[in-house]
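Novice: How does the following fold in three dimensions:
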Amino acid sequence: MTLEEFILAFRAKQQETKGRCFYCGVQTHKGCKESNAVFQTSDHVVPVSAKDIMSRIEARANCVVCCRKCNNIKEDLTLHEFKRRSGIAEFYAEQILGIRIDNLDDMEAVNAFVSANRKVVGRSIKFNGKVERRYYQQAGLLPEPNR
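Specialist: This is a model prediction of the structure:
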């Protein structure tokens, strides 16, 4: 199963999930204040900053229901980086579908592509309260920059 098929399979279960966050599973609400952590948003699973991959993944297969809290934490991270940053061991979508994202056929390629093509190289991000710099070479695709 590919990431696109995984997202579409989750979206096909909309009746069952009833607006729950793709990541944490919290029940989201459209009618509350936008600043509320459970306000219903739409998240791009593959970040928009990695635009070239959009030609590979159908646009409607890239958006999922997400709570404000998860959307703010995710930013432009890959799914694996987001798991690490948020501390979520298993996404709600993984629980519902019974498939781990680690087992998706194209997950490694998608993560490598996003890491190599994001537009925020060098910006730091916190993982478990510790600041780490993000570089292309984390994906093992490009040489380390000259210093």
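Novice: Tell me where the model's unsure across this structure.
Specialist: Applying pLDDT under 70 to the chain flags residues 51-57, 118-147.
Novice: need the helices for it, in chain order.
Specialist: Counting by DSSP state H, one finds helices in the chain at the ranges 3-12, 14-17, 68-74, 79-86, 92-97, 107-117.
Novice: wait, which of these is closest to T28?
Specialist: Of all the helices of the chain, helix 68-74 sits nearest to T28, with 8.1 Å by CB to CB. Heads up, the C-betas are built off the backbone N, CA and C, glycines and all.
Novice: Show me which parts of the closest one are buried, residue by residue.
Specialist: Across helix 68-74, burial judged by 16 or more other CB atoms under 10 Å covers 68-71, 73-74.
Novice: And stretch 8-18, by the same measure?
Specialist: By neighbour count on 16+ other CB under 10 Å, the buried set for stretch 8-18 is 10-11, 17.
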